[in-house]
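K.L.:
Provided below are the primary sequence and the corresponding predicted coordinates.
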Amino acid sequence: MKNNISLTIASTGHFLIDFSCAYVVLSRLHESTSAAQILIIYNFMAFAMQMPFGIIADAYPQFKWSILGTFLVIASLFPWPLIVTVLLIGLGNSLYHLGEGKPILDHLHGSSALGIFVAPGAYGITLGTMLANSSLSLSWLLGFALLVLCVLLMKINYEGEPDTPSKISSKCLIAGLFIVVILRSFAGFTWSLPWKSEHLLLLTTAVVFGKAMGGIMADWIGSKKAALLSLFLSFLLFTGAEHMLLGLLSVFFFNMTMPICLKEITLEMKNASGYAFGLLTFALFLGYIPTVLGITTVSKPITLLLIFISFLMMCLLRGKQHD
């Protein structure tokens, strides 16, 4: 029961943090003459920096990194110069994800909890983006909500033993998981879906429920079976992705791999869950880079190729359910 309450708080906080980041950064983006550079800096701080911070979190696991991250997001709501705001909020985002992701990996059995934790962030990003250019001023409301989150985070205490790590680490598997996350990130920005701009919330819903279901399916039938089945169905359905229902289902199944990758790489990297978590968020950052260079959409054959390569990489999984 205590773990369920803690997971609910962490997952709700994930939504709130990602909503705040998207809203604050995008609502002030017009202040910069180089929006692309600002977005690169934000994404680097929010995702790439989780890898070095993960090493620190592994060394000091008792520190409440997520509370520090939330305070930094609150600090970003003040009228700093834009670059200061971006650095503060990017760092806050990074520390929150790591601060809650690591203990979930360390203490909660299986992949379900991880899938539930990572899923709501997509809703936060989408809704924050949609409201960033509205006439609403949400800073005071966000500040209050984030302060409440800080209080609730103090109550979080996960109980349980971690899954048993692999006796022998596989560098090929770690590399394969890293590649899958890069491809998933890139595909998320470049889906060849003619209807996606008009149905962004539906697309986000497919992402959210796909991530959550990925963890649940991994615990039900095993990580390898869940990953390969989801990617096979994603590939099959994407052949008809111009039809919205088929496209949504393809996105749903493709996103099931995210919690699976996070759990599996943690099992391969003994006593380094923070670094493992950060390694894959660095992969997310690398998948974002091509979009900054102007690649915002790709053809259907290229997307199908990305899914197929992901399928091949997930064939490297050991095929065992967590004990």
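P.N.:
Noted; the coordinates are in hand. Residues are numbered from 1 along each chain as shown.

K.L.:
quick one, what contacts the residue positioned nearest the centre of the chain?
P.N.:
The centroid of the chain falls nearest to Val118 when counting by Cα atoms, centre = their mean (5.4 Å). Contacts for Val118 (Cβ atoms under 8 Å, 6 or more residues apart in numbering) come out as His14, Gly101, Lys211, Met258, Pro259, Leu262. Placement of C-beta: from N, CA and C, glycine included.

K.L.:
among those, which are in strands?
P.N.:
Secondary structure defined by DSSP state E assigns none of the contacts of Val118 to strands.

K.L.:
Give me the average confidence score over the host helix or strand of Tyr96.
P.N.:
Here Tyr96 sits within helix 82-107, counting by DSSP states H and E. What helix 82-107 shows for mean pLDDT is 95.

K.L.:
what residue ranges in the stretch 151-300 of the chain score low on pLDDT?
P.N.:
Scanning the stretch 151-300 of the chain for pLDDT under 70 picks out 162-163, 165, 167-169.

K.L.:
how about the helices of it, start to end?
P.N.:
171-190, 200-221, 223-238, 244-254, 257-268, 273-292, 300-314 (DSSP state H, counting those that start in this stretch).

K.L.:
Residues in contact with the third one: which ones?
P.N.:
Residues from elsewhere that reach helix 223-238, judged by Cβ under 8 Å, 6+ apart: 111, 210, 214, 217-218, 220-221, 246-247, 249-254, 256-257, 260, 263-264, 300, 303-304, 307-308, 310-311, 314-315, 317-322.

K.L.:
show me where pLDDT drops low in the stretch 1-150 of the chain?
P.N.:
1.

K.L.:
So which residues of it form helices?
P.N.:
2-27, 35-43, 50-59, 65-75, 82-107, 112-118, 121-132, 139-153.

K.L.:
Out of these, which is the most enclosed?
P.N.:
Stretch with highest mean neighbour count among the helices of the stretch 1-150 of the chain: helix 112-118 (a mean of 25; mean count of other Cβ atoms under 10 Å).

K.L.:
Extract the C-alpha set from that helix and format it as CSV.
P.N.:
What follows is helix 112-118, C-alpha atoms only, in CSV (Å, rounded to 0.1, in the frame of the first residue of the first chain):
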residue,chain,number,x,y,z
SER,A,112,5.1,-2.3,-14.0
ALA,A,113,5.9,0.5,-11.5
LEU,A,114,8.5,1.9,-13.8
GLY,A,115,6.1,2.0,-16.7
ILE,A,116,3.5,3.8,-14.6
PHE,A,117,6.1,6.3,-13.4
VAL,A,118,7.4,7.2,-16.9
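
K.L.:
Tell me which of the helices of the stretch 1-150 of the chain sits nearest to Gly278.
P.N.:
helix 50-59 (3.2 Å; Cβ to Cβ).

K.L.:
show me what contacts the nearest residue to Ser139 once chain neighbours are set aside?
P.N.:
Nearest residue to Ser139 in three dimensions, chain neighbours excluded: Leu77, at 4.9 Å (Cβ to Cβ, 6 or more residues apart in numbering). Taking Cβ under 8 Å, 6+ apart as the criterion, Leu77 is in contact with Ser20, Val24, Ser139, Leu142, Gly143.

K.L.:
Relative to Gly188, which of those residues is nearest.
P.N.:
For these, the nearest to Gly188 is Ser20 (20.3 Å; Cβ to Cβ).

K.L.:
ok, back up a step: any idea which of the helices of the stretch 1-150 of the chain gets closest to Phe178?
P.N.:
helix 50-59 (11.1 Å).

K.L.:
residue contacts, Ala113?
P.N.:
Asn3, Leu7, Ile104, Gly215.

K.L.:
ok, the second one to Ile216 distance?
P.N.:
The reference is to Leu7. Leu7 is 13 Å from Ile216, where distance means Cβ to Cβ, to the nearest Å.

K.L.:
And for the first one?
P.N.:
Remark: distance between Asn3 and Ile216 (Cβ to Cβ) = 16 Å.

K.L.:
check contacts around Leu153.
P.N.:
Ile9, Ala10, Gly13, Lys64, Ser66, Ile67, Thr70.

K.L.:
can you check Ala272 too?
P.N.:
Gly54, Ile55, Asp58.

K.L.:
got it, and Leu72?
P.N.:
Leu88, Ile89, Leu91, Gly92, Leu95.

K.L.:
Can you pull the phi/psi pair for the residue lying closest to the second one once chain neighbours are set aside?
P.N.:
It refers to Ile89. Leaving aside its sequence neighbours, Ile89 sits nearest to Ser76 (Cβ to Cβ, 6+ apart; 3.8 Å). The phi/psi pair for Ser76 (degrees, to the nearest 10) reads phi -70, psi -10.
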